[in-house]
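Q: Provide a 3D model corresponding to the input given below.
(chains A and B)
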Amino acid sequence: MLEQKPSLIHRCQLKTNEQVTGTWHCLKLHAPDLCGARPGQFVHVRVGASSDPLLRRPFSIHHVVAEKNEIWLLVRSVGAGTELLLQARPGAVLDLLGPLGNGFPVVDEAAPALLAGGGIGLAPLYYLAWLRRQAGLPFELLIGAASCSDLPADDYFAAQDLHPLYATEDGSHGYRGLITGLLEQRLREGTPPARIHACGPLPMLAGVVELGRRFAVPTHVSLESHLACGVGACLGCAFPFKKGGQIEYRRICKEGPVFNGEEVCFEI
Amino acid sequence: MRSDPRLSLNLAGIKMANPLIAASGCYGYGFDYTGFVDPAEWGAIVVKGTTLKPRAGNPPPRIVETPAGMLNAIGLQNPGVEYFLEEIQPRLAGLGCPVLVNIAGETLEEYCQIASLLDGVPGVSGLEVNISCPNVRRGGISFGCDPDVVEDLVSRVREAYRGPLVVKLSLEAGNITAVARAAERAGADALSLINTLKGMVIDVGRRRPVLANITGGLSGPALRPIAVRAVWETAEAVSVPLIGMGGIRTASDALEFIMAGATAVAVGTANFVNPLSVREITAGLLRYLEQNGIAHYSALIGAARNER
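A: Predicted structure coming up:
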């Protein structure tokens, strides 16, 4: 007999489903069994009962409010699956697998951790930032988007006592340009950080890892992928990594989604 | 959950608690889903396609969702038979259900070598010979289309391996019944069908195929009526037991395959959507037996043919 583990399948009631920007919603779920999730871990959510769309959709844990038995998911409407999920009304019961994946390391260091979230990639960093705030660990949160209209309002962050530095490509909020530009400026001018945690599109993560290399700061990047199983069985999310001059494939859902940036093979 | 005698069977010498099999490639080595269900709830598990040498697999993207289905082009990523024997085989007994190993070679010799390495290995209840993988350049499906090649390959694997031998068929061959008969003549104890069907999706924004491999194998409910038809036709052509698969999600889906002539059924993609599929399908089968006053599910094998 195999050791009996706690079940990773949960039926969670949706408490609220609120729009936070044009296409982003924050879903708050009653999920006592998921409140122990680490920042950077994810849940794999069934979006409907029918066969189409067929597959679950993965979302990183956006926030945990343990005293309310609540987890938050930040969902951007990108297609049929997320559209269907966002139609769910408070009271609806969602089917979630999780918590899955490894999550970001929460390391106690004197130097600050830089947390860089590009677009919807800010979702797991919001919770990581909050946890570091709770633990009294230094950090700086950097957020990037095309325009401020793509981002939640400042009070969405201020409510958790988070005060991010912004980078917008159109200059509508904070630094004008890409988040990697803001990060470079910060690395050049501020206190040397202990590490960088990043989540966002692949080109951004490649840029973050490059900056980490230049400034000799370790990077932890959370990769995104379409997933089928989400638990390591199907090998559908495998991504190339450098290992001893060789390429090896690792599963984003199982060995990740957070990886040592130096090992990620971005040039695919 | 205790096994129910109304669902037990002996499939080509493999004693199974129920006719539900975890399909190869969809269940790893049986350990990835232990946080959801006890692997012993399965009648059997077929582990990931195993090759002689380790295979890195295909570059990403490897999967894409399609209407009521998905394409995959994993490319037989696996650590190779030696690693399997050293690291995985010793753990298999802990699963609590029979385990079959799906094997794939690039050459006929490779199939025989893997088969003889697995011959008599404890914890391995049988082999599933994969002559139908659509995602590798050499081997796989290229062996599965010609009945003469299939007969030669299966007879030689038969010589190398004494345990229960299942041959996994593809509908790509076009002449699945001829291939099925060839496998039977060569000594296959059972046939499993169907493997995924080759398909593709184009990203119209980027004007390129979505999958790095260009094509991938279609699985999921979209495949089901085609797979049921394949089982129906093959059941007429051979007398060895059939393992039917292709888009099974519910007990009713499983019953379609059984009534078409399958002795057992395999569940693949449905596990990704619902890791509790095995439990729910088992319960549904028992409910069907109760509602219809049937003492054992085997009375339903080929039932849709009997009334014609």
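Q: and residue 132, which of the three is it?
A: By default, I'm working from chain A. Judged by DSSP: H, G, I helix; E, B strand; the rest coil, the three-state class of residue A:132 is helix.
Q: How about it, nearest residue that isn't a chain neighbour?
A: Distance criterion Cβ to Cβ, 6 or more residues apart in numbering or on different chains; nearest residue to residue A:132, sequence neighbours excluded, is residue A:139 at 4.4 Å. Every C-beta, even on glycine, is put in place using the N, C-alpha and C of the backbone.
Q: so what's the one you found up against?
A: By Cβ atoms under 8 Å, 6 or more residues apart in numbering or on different chains, the contact set of residue A:139 is A:112, A:113, A:114, A:115, A:128, A:129, A:132, A:133.
Q: The same query, at a cut-off of 7 Å, please.
A: For residue A:139, the contact set (Cβ atoms under 7 Å, 6 or more residues apart in numbering or on different chains) comprises A:112, A:113, A:115, A:129, A:132.
Q: Next, format the residues you listed as a markdown table and append secondary structure.
A: As requested, the contacts of residue A:139 are exported to a markdown table (three-state DSSP):
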| residue | secondary structure |
| --- | --- |
| A:112 | coil |
| A:113 | strand |
| A:115 | strand |
| A:129 | helix |
| A:132 | helix |
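Q: Identify the farthest-apart pair in those.
A: Of all pairs drawn from the contacts of residue A:139, the one with the longest distance (Cβ to Cβ) is A:112 and A:129, at 11.1 Å.
Q: Settle it for me: which of the two has more neighbours?
A: Between residue A:112 and residue A:129, counted using other Cβ atoms under 10 Å in any protein chain shown, residue A:129 has the larger neighbour count: 27 against 18.
Q: For the closest residue to that one other than its chain neighbours, list each beta-bridge partner.
A: Nearest residue to residue A:129 in three dimensions, chain neighbours excluded: residue A:141, at 4.7 Å (Cβ to Cβ, 6+ apart). Assessed by DSSP bridges, residue A:141 has beta-bridge partners residue A:115.
Q: Quick one: residues contacting residue A:141.
A: Going by Cβ under 7 Å, 6+ apart, the list of residues near residue A:141 reads A:115, A:125, A:129, A:162, A:164.
Q: number of nearby residues for the closest residue in space to residue A:153 that isn't next to it in sequence?
A: Residue nearest to residue A:153 in three dimensions, not counting chain neighbours: residue A:20, with 7.9 Å by Cβ to Cβ, 6+ apart. A count of nearby residues for residue A:20, using other Cβ under 10 Å, gives 15.
Q: Residues of the stretch 151-268 of chain A that sit close to chain B?
A: A:226, A:228-229, A:231-236, A:238-240, A:247-249, A:268 (Cβ under 7 Å from any Cβ of the partner chain).
Q: Pull out the buried residues from those residues.
A: Taking 16 or more other Cβ atoms under 10 Å in any protein chain shown as the criterion, what is buried in those is A:226, A:228-229, A:231-236, A:238-240, A:248-249.
Q: Partner strands of the biggest strand by length in chain A, with direction?
A: Secondary structure of chain A per DSSP state E: the longest strand is strand A:9-19. Within its sheet, strand A:9-19 is paired with strand A:24-30 (antiparallel), strand A:93-100 (antiparallel), according to DSSP bridges.
Q: and these as CSV, adding mean neighbour count?
A: Below are the strands paired with strand A:9-19 laid out as CSV (neighbours: other Cβ atoms under 10 Å in any protein chain shown):
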stretch, mean neighbour count
strand A:24-30, 21
strand A:93-100, 22
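Q: Residue B:281 is nearest to which of those strands?
A: Per Cβ to Cβ, nearest to residue B:281 of the strands paired with strand A:9-19: strand A:93-100, 16.8 Å.
Q: That closest one: how far from the chain's middle?
A: 16 Å (Cα atoms, centre = their mean, to the nearest Å).
Q: Over it, what's the mean pLDDT, rounded is fine.
A: Averaging pLDDT along strand A:93-100 yields 97.
Q: again with stretch B:121-136
A: 87.
Q: of the residues of the stretch 151-268 of chain A next to chain B, the lowest pLDDT goes to which?
A: residue A:268 (69).
Q: what about the residue most central in space within chain A, is that helix, strand or coil?
A: Central residue of chain A (Cα atoms, centre = their mean): residue A:124, 3.2 Å from the mean position. When classified by three-state DSSP, residue A:124 comes out as helix.
Q: check contacts around the nearest residue to it once chain neighbours are set aside.
A: The shortest distance from residue A:124 to any non-neighbouring residue, by Cβ to Cβ, 6+ apart, is to residue A:60 (4.0 Å). Counting by Cβ under 7 Å, 6+ apart, residue A:60 makes contact with A:40, A:42, A:123, A:124.
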